[in-house]
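sharing a model prediction with you, sequence too.
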Amino acid sequence: PVVASGGADGTVRLWSIGPPAPTAPEGAPLRLEQRAVHELSEQCYVADFDTEVDDSGALYCASDDVLVCMDAESGARRYEFRCASASAASEAYGGDRNTEGAALIFGSSLSPQGASQRLLALALSDGSVRLHARKGGAAVGAVACGGGAHVTACALGGAAGELLAVGCGDGTAEVFDVRYLDAPLSSLRAHHRPVYALAWLSPQGTAGDVLLTASSDASVKFWGVGEPGDGNDASQPLDVVTREAYPFMAACVVGNGGAKGNGDGSLVLAGGSEAPLGMMPIYVSPLGC
(Lines give C-alpha, C1' and ligand atoms only; values in the text may rest on other atoms or scores of the structure.)
Protein backbone atom coordinates (compact mmCIF):
# COMPACT_ATOMS: atom_id res chain seq x y z
CA PRO A 1 0.00 0.00 0.00
CA VAL A 2 0.96 3.62 -0.63
CA VAL A 3 -0.11 6.66 1.41
CA ALA A 4 0.41 10.39 1.00
CA SER A 5 1.28 12.95 3.66
CA GLY A 6 1.26 16.73 3.53
CA GLY A 7 3.22 19.10 5.73
CA ALA A 8 3.28 22.69 6.91
CA ASP A 9 6.70 22.92 5.21
CA GLY A 10 4.94 22.81 1.82
CA THR A 11 5.96 19.25 0.91
CA VAL A 12 3.82 16.31 -0.15
CA ARG A 13 5.38 12.88 0.33
CA LEU A 14 4.48 9.41 -0.90
CA TRP A 15 5.21 6.45 1.39
CA SER A 16 5.18 2.71 0.83
CA ILE A 17 3.87 0.69 3.77
CA GLY A 18 5.32 -2.76 4.30
CA PRO A 19 5.55 -5.42 6.99
CA PRO A 20 8.18 -5.14 9.72
CA ALA A 21 11.68 -6.36 8.86
CA PRO A 22 12.16 -10.14 9.28
CA THR A 23 14.52 -9.50 12.19
CA ALA A 24 12.12 -7.09 13.95
CA PRO A 25 10.66 -8.21 17.30
CA GLU A 26 7.07 -9.39 17.55
CA GLY A 27 4.64 -6.47 17.64
CA ALA A 28 7.01 -4.12 15.80
CA PRO A 29 5.30 -1.33 13.82
CA LEU A 30 4.80 -1.42 10.07
CA ARG A 31 7.69 -0.18 7.94
CA LEU A 32 7.48 3.13 6.04
CA GLU A 33 9.67 3.88 3.02
CA GLN A 34 9.60 7.25 1.25
CA ARG A 35 8.90 7.01 -2.50
CA ALA A 36 8.63 10.61 -3.68
CA VAL A 37 8.66 14.23 -2.49
CA HIS A 38 6.93 17.14 -4.23
CA GLU A 39 7.26 20.81 -3.31
CA LEU A 40 4.26 23.12 -3.07
CA SER A 41 4.26 26.88 -2.66
CA GLU A 42 1.66 26.56 0.13
CA GLN A 43 1.33 24.57 3.33
CA CYS A 44 -0.42 21.25 2.76
CA TYR A 45 -2.87 20.17 5.45
CA VAL A 46 -4.56 17.24 3.67
CA ALA A 47 -3.18 14.78 1.09
CA ASP A 48 -4.59 11.72 -0.71
CA PHE A 49 -3.07 9.34 -3.27
CA ASP A 50 -5.16 7.92 -6.13
CA THR A 51 -4.21 5.13 -8.55
CA GLU A 52 -7.54 4.72 -10.35
CA VAL A 53 -7.59 7.88 -12.49
CA ASP A 54 -4.58 6.85 -14.62
CA ASP A 55 -1.39 4.79 -14.52
CA SER A 56 0.86 7.50 -13.06
CA GLY A 57 -1.48 8.20 -10.15
CA ALA A 58 -2.84 11.46 -8.78
CA LEU A 59 -2.23 13.43 -5.60
CA TYR A 60 -4.95 15.59 -4.04
CA CYS A 61 -3.50 18.29 -1.78
CA ALA A 62 -5.42 20.82 0.31
CA SER A 63 -4.03 24.14 1.46
CA ASP A 64 -6.60 26.15 3.43
CA ASP A 65 -9.58 26.47 1.03
CA VAL A 66 -7.77 25.39 -2.18
CA LEU A 67 -7.69 21.83 -3.54
CA VAL A 68 -4.87 20.97 -5.96
CA CYS A 69 -4.72 17.79 -8.05
CA MET A 70 -1.23 16.91 -9.32
CA ASP A 71 0.53 14.09 -11.12
CA ALA A 72 1.95 11.71 -8.50
CA GLU A 73 5.14 11.06 -10.47
CA SER A 74 6.06 14.46 -11.92
CA GLY A 75 4.27 16.78 -9.51
CA ALA A 76 2.71 18.68 -12.44
CA ARG A 77 -0.61 20.33 -11.55
CA ARG A 78 -3.67 18.94 -13.34
CA TYR A 79 -6.36 21.21 -11.88
CA GLU A 80 -7.21 23.21 -8.78
CA PHE A 81 -10.27 24.94 -7.34
CA ARG A 82 -11.20 27.09 -4.37
CA CYS A 83 -13.98 26.03 -1.98
CA ALA A 84 -16.25 29.05 -1.54
CA SER A 85 -18.22 29.25 1.72
CA ALA A 86 -21.75 27.90 1.35
CA SER A 87 -23.31 31.21 2.43
CA ALA A 88 -22.31 34.46 4.05
CA ALA A 89 -24.35 33.45 7.10
CA SER A 90 -22.47 30.17 7.63
CA GLU A 91 -20.32 29.93 10.74
CA ALA A 92 -16.87 28.88 9.57
CA TYR A 93 -14.45 27.25 11.98
CA GLY A 94 -10.67 27.28 12.05
CA GLY A 95 -9.76 29.78 14.78
CA ASP A 96 -6.84 32.11 14.08
CA ARG A 97 -6.18 30.23 10.84
CA ASN A 98 -9.58 31.31 9.47
CA THR A 99 -10.18 34.95 10.42
CA GLU A 100 -11.98 35.65 7.12
CA GLY A 101 -14.57 32.87 7.44
CA ALA A 102 -13.31 30.82 4.46
CA ALA A 103 -14.39 27.24 3.76
CA LEU A 104 -11.18 25.54 4.92
CA ILE A 105 -10.63 21.91 3.97
CA PHE A 106 -10.45 19.91 7.22
CA GLY A 107 -10.35 16.43 5.67
CA SER A 108 -10.82 14.39 2.51
CA SER A 109 -11.68 10.88 1.35
CA LEU A 110 -11.59 8.91 -1.91
CA SER A 111 -14.25 6.40 -2.92
CA PRO A 112 -12.87 2.84 -2.59
CA GLN A 113 -11.42 0.89 -5.49
CA GLY A 114 -14.11 -0.43 -7.82
CA ALA A 115 -16.76 2.10 -6.76
CA SER A 116 -19.40 2.94 -9.35
CA GLN A 117 -18.54 6.65 -8.97
CA ARG A 118 -14.95 7.86 -8.55
CA LEU A 119 -15.52 10.59 -5.98
CA LEU A 120 -13.49 12.91 -3.80
CA ALA A 121 -15.20 14.03 -0.58
CA LEU A 122 -14.05 17.21 1.19
CA ALA A 123 -14.98 18.07 4.80
CA LEU A 124 -15.14 21.86 5.07
CA SER A 125 -15.06 24.34 7.92
CA ASP A 126 -18.40 25.88 6.85
CA GLY A 127 -20.19 22.72 8.03
CA SER A 128 -20.53 20.95 4.67
CA VAL A 129 -19.10 17.88 2.98
CA ARG A 130 -18.79 18.34 -0.78
CA LEU A 131 -18.44 15.64 -3.38
CA HIS A 132 -16.35 16.12 -6.53
CA ALA A 133 -15.48 13.94 -9.51
CA ARG A 134 -11.84 12.91 -9.15
CA LYS A 135 -11.20 13.38 -12.85
CA GLY A 136 -11.60 17.08 -13.57
CA GLY A 137 -12.88 18.08 -10.13
CA ALA A 138 -16.51 18.86 -11.10
CA ALA A 139 -18.91 19.33 -8.17
CA VAL A 140 -21.35 16.43 -7.68
CA GLY A 141 -23.26 17.17 -4.45
CA ALA A 142 -23.07 18.28 -0.81
CA VAL A 143 -24.39 17.37 2.65
CA ALA A 144 -24.18 18.87 6.14
CA CYS A 145 -24.24 17.60 9.73
CA GLY A 146 -27.68 17.55 11.31
CA GLY A 147 -28.42 20.17 13.94
CA GLY A 148 -25.94 22.62 12.46
CA ALA A 149 -22.83 21.01 14.00
CA HIS A 150 -19.51 21.65 12.30
CA VAL A 151 -17.92 18.91 10.19
CA THR A 152 -14.70 17.32 11.46
CA ALA A 153 -14.17 14.27 9.17
CA CYS A 154 -15.56 12.32 6.23
CA ALA A 155 -15.09 8.84 4.74
CA LEU A 156 -16.37 7.22 1.56
CA GLY A 157 -16.91 3.46 1.67
CA GLY A 158 -19.36 0.60 1.32
CA ALA A 159 -19.30 -2.47 -0.87
CA ALA A 160 -19.90 -0.37 -4.01
CA GLY A 161 -18.50 2.89 -2.67
CA GLU A 162 -22.01 4.24 -2.15
CA LEU A 163 -21.71 5.24 1.52
CA LEU A 164 -20.48 8.56 2.91
CA ALA A 165 -19.81 8.90 6.64
CA VAL A 166 -19.69 12.39 8.13
CA GLY A 167 -18.10 13.10 11.53
CA CYS A 168 -19.39 16.10 13.48
CA GLY A 169 -18.05 18.38 16.17
CA ASP A 170 -20.90 17.51 18.56
CA GLY A 171 -19.81 13.84 18.65
CA THR A 172 -22.37 12.52 16.18
CA ALA A 173 -21.70 10.61 12.97
CA GLU A 174 -24.08 10.40 10.02
CA VAL A 175 -24.14 8.00 7.08
CA PHE A 176 -25.45 9.00 3.65
CA ASP A 177 -25.97 7.18 0.37
CA VAL A 178 -24.09 9.26 -2.23
CA ARG A 179 -26.83 8.51 -4.77
CA TYR A 180 -29.54 10.00 -2.51
CA LEU A 181 -28.19 12.83 -0.38
CA ASP A 182 -31.50 14.29 0.86
CA ALA A 183 -31.40 12.56 4.27
CA PRO A 184 -28.96 10.30 6.19
CA LEU A 185 -29.40 6.53 6.29
CA SER A 186 -28.15 6.43 9.89
CA SER A 187 -27.49 8.97 12.63
CA LEU A 188 -25.21 7.82 15.44
CA ARG A 189 -24.77 9.44 18.85
CA ALA A 190 -21.22 8.20 18.71
CA HIS A 191 -19.11 10.21 21.19
CA HIS A 192 -19.28 13.03 23.72
CA ARG A 193 -16.45 14.93 22.02
CA PRO A 194 -15.73 15.62 18.31
CA VAL A 195 -15.35 12.72 15.87
CA TYR A 196 -11.94 13.31 14.30
CA ALA A 197 -11.50 10.12 12.24
CA LEU A 198 -13.68 7.67 10.32
CA ALA A 199 -12.92 4.43 8.47
CA TRP A 200 -15.01 1.77 6.71
CA LEU A 201 -14.42 -1.93 7.35
CA SER A 202 -16.01 -5.06 5.91
CA PRO A 203 -15.18 -7.88 8.35
CA GLN A 204 -16.25 -11.40 7.53
CA GLY A 205 -19.25 -12.65 9.48
CA THR A 206 -20.94 -9.24 9.77
CA ALA A 207 -24.12 -8.07 8.06
CA GLY A 208 -23.48 -5.00 5.96
CA ASP A 209 -20.60 -2.63 6.53
CA VAL A 210 -18.89 -1.55 9.75
CA LEU A 211 -18.02 2.08 10.46
CA LEU A 212 -15.15 3.02 12.76
CA THR A 213 -15.41 6.33 14.61
CA ALA A 214 -12.47 7.76 16.59
CA SER A 215 -12.77 10.71 18.93
CA SER A 216 -10.87 13.02 21.22
CA ASP A 217 -12.90 11.45 24.06
CA ALA A 218 -10.21 8.70 23.99
CA SER A 219 -12.45 6.05 22.44
CA VAL A 220 -12.75 4.20 19.14
CA LYS A 221 -16.11 2.60 18.32
CA PHE A 222 -17.32 0.15 15.68
CA TRP A 223 -20.87 0.46 14.31
CA GLY A 224 -22.96 -1.84 12.14
CA VAL A 225 -24.82 0.35 9.67
CA GLY A 226 -26.74 -2.35 7.80
CA GLU A 227 -27.45 -2.31 4.11
CA PRO A 228 -27.94 0.93 2.16
CA GLY A 229 -31.60 1.95 2.02
CA ASP A 230 -32.84 -0.24 4.90
CA GLY A 231 -33.29 2.72 7.26
CA ASN A 232 -31.15 1.10 9.93
CA ASP A 233 -30.24 3.46 12.79
CA ALA A 234 -27.75 1.67 15.02
CA SER A 235 -28.05 2.74 18.65
CA GLN A 236 -25.24 0.69 20.21
CA PRO A 237 -21.70 0.09 18.92
CA LEU A 238 -20.51 -3.42 18.09
CA ASP A 239 -17.30 -2.83 20.03
CA VAL A 240 -15.45 -0.05 21.88
CA VAL A 241 -11.70 0.49 22.33
CA THR A 242 -10.52 3.06 24.86
CA ARG A 243 -7.19 4.40 25.99
CA GLU A 244 -7.26 6.64 29.03
CA ALA A 245 -6.22 10.26 28.45
CA TYR A 246 -5.38 9.48 24.80
CA PRO A 247 -7.50 11.55 22.37
CA PHE A 248 -7.66 9.74 19.03
CA MET A 249 -7.14 12.10 16.08
CA ALA A 250 -6.57 9.83 13.05
CA ALA A 251 -7.33 6.34 11.76
CA CYS A 252 -6.06 4.48 8.70
CA VAL A 253 -6.86 0.98 7.42
CA VAL A 254 -3.90 -0.68 5.73
CA GLY A 255 -4.24 -3.86 3.70
CA ASN A 256 -7.41 -5.58 2.56
CA GLY A 257 -9.86 -3.49 4.56
CA GLY A 258 -10.37 -5.92 7.37
CA ALA A 259 -11.36 -9.43 6.36
CA LYS A 260 -11.71 -10.74 9.88
CA GLY A 261 -9.41 -13.49 10.98
CA ASN A 262 -7.09 -13.70 7.98
CA GLY A 263 -4.40 -11.37 9.30
CA ASP A 264 -4.11 -9.28 6.14
CA GLY A 265 -5.66 -6.07 7.47
CA SER A 266 -4.10 -3.61 9.89
CA LEU A 267 -5.58 -0.64 11.68
CA VAL A 268 -3.34 2.33 12.42
CA LEU A 269 -4.57 4.81 15.04
CA ALA A 270 -2.85 8.04 15.98
CA GLY A 271 -3.52 10.58 18.66
CA GLY A 272 -2.14 12.25 21.72
CA SER A 273 -1.98 15.74 23.12
CA GLU A 274 0.08 18.83 22.52
CA ALA A 275 2.70 17.52 24.93
CA PRO A 276 6.27 17.12 23.61
CA LEU A 277 5.55 13.53 22.54
CA GLY A 278 2.92 14.77 20.08
CA MET A 279 1.16 12.22 17.90
CA MET A 280 1.76 8.61 18.92
CA PRO A 281 0.70 5.82 16.52
CA ILE A 282 -0.90 2.55 17.62
CA TYR A 283 -0.78 -0.46 15.28
CA VAL A 284 -3.39 -3.20 15.61
CA SER A 285 -2.89 -6.31 13.47
CA PRO A 286 -4.69 -8.38 12.35
CA LEU A 287 -7.74 -6.17 12.05
CA GLY A 288 -10.94 -7.32 13.74
CA CYS A 289 -14.03 -5.79 15.29
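Now that the structure is in, tell me what you want to look at. Residues are numbered from 1 along each chain as shown.

now do the phi/psi pair for residue 57.
When quoted as degrees, to the nearest 10, the phi and psi of residue 57 stand at phi 90, psi 160.

now it. Nearest residue, chain neighbours left out?
Nearest in space to residue 57, with sequence neighbours left out and distances taken as CB to CB, 6 or more residues apart in numbering, is residue 72 at 3.5 Å. The C-beta positions use only the backbone N, C-alpha and C, and glycine is treated the same way.

OK, contacts around the one you found?
Residue 72 sits next to 14, 36, 49, 50, 56, 57, 58, 59 when contact means CB atoms under 8 Å, 6 or more residues apart in numbering.

so which residues of the stretch 101-250 of the chain form strands?
Using DSSP state E, counting those that start in this stretch, the strands of the stretch 101-250 of the chain run over 105-110, 119-124, 128-133, 139-144, 151-157, 163-168, 172-177, 186-189, 195-201, 210-215, 219-224, 239-242, 248-254.

hey, which of those strands is tucked in deepest?
Most buried of the strands of the stretch 101-250 of the chain by mean neighbour count (mean count of other CB atoms under 10 Å) is strand 163-168; its value is a mean of 28.

quick check: closest non-adjacent residue to residue 215.
residue 191 (3.7 Å).

for residue 189, same thing?
Among residues not flanking residue 189 along the chain, residue 172 sits closest, at 5.9 Å (CB to CB, 6+ apart).

verify the stated contact: the one you found with residue 151.
No - judged on CB atoms under 8 Å, residue 172 makes no contact with residue 151 at a distance of 10.7 Å.

who touches both of those two?
With contacts taken as CB under 8 Å, 6+ apart, residue 172 and residue 151 have residue 145 as neighbours in common.

still on that earlier bit, so for the residue nearest to residue 57, what's the pLDDT?
In the prediction, the pLDDT value recorded for residue 72 is 89.

for the helix or strand residue 60 falls within, which strands pair with it and how are they oriented?
Residue 60 belongs to strand 58-63 when assigned by DSSP states H and E. Paired with strand 58-63 in the same sheet, following DSSP bridges, are strand 46-50 (antiparallel), strand 66-71 (antiparallel).

list the residues that contact the residue nearest to residue 215.
171, 213, 215, 217, 219, 221.

count of residues packed around the closest residue to residue 174 other than its chain neighbours?
Computed as CB to CB, 6+ apart, the closest residue to residue 174 that is not its neighbour in sequence is residue 184, at 4.2 Å. Counted with other CB atoms under 10 Å, the neighbours of residue 184 add up to 20.

and for residue 22, the neighbour number?
Residue 22 has 5 neighbours, counted by other CB under 10 Å.

tell me which element it falls in.
With DSSP H and E as the test, residue 22 turns up in no helix or strand.

I'd like the distance between it and residue 119.
Noted for residue 22: a distance of 39 Å to residue 119, by CB to CB, to the nearest Å.

please apply the same query to residue 181.
With CB to CB as the criterion, residue 181 and residue 119 are 12 Å apart.

and residue 158, by the same measure?
12 Å.

residue 216 too?
Using CB to CB, which is the criterion applied here, residue 216 is 27 Å from residue 119.

please apply the same query to residue 21.
Distance of residue 21 to residue 119, computed by CB to CB: 37 Å.

what's the answer for residue 222, then?
Using CB to CB, residue 222 is found at 24 Å from residue 119.

for residue 209, same thing?
The gap separating residue 209 from residue 119 is 17 Å, by CB to CB.

could you do residue 220 as well?
25 Å.

repeat that for residue 113.
Distance from residue 113 to residue 119, counting by CB to CB: 12 Å.

residue 240 now?
In this view, residue 240 and residue 119 are 30 Å apart by CB to CB.

could you do residue 187 as well?
Computed as CB to CB, the residue 187 to residue 119 distance reads 22 Å.

ok, now residue 165?
Taking CB to CB, one finds residue 165 at 13 Å from residue 119.

what sits in contact with each of these two?
Common neighbours of residue 165 and residue 119, counting by CB under 8 Å, 6+ apart, are residue 156.

rank the strands of the stretch 101-250 of the chain by pLDDT, which is bottom?
Among the strands of the stretch 101-250 of the chain, strand 248-254 carries the lowest mean pLDDT (a mean of 69).

pretty sure residue 52 sits in a helix.
No - counting by DSSP: H, G, I helix; E, B strand; the rest coil, residue 52 falls outside a helix, being coil.

now do it, the pLDDT please.
At residue 52, the pLDDT value in this model is 80.
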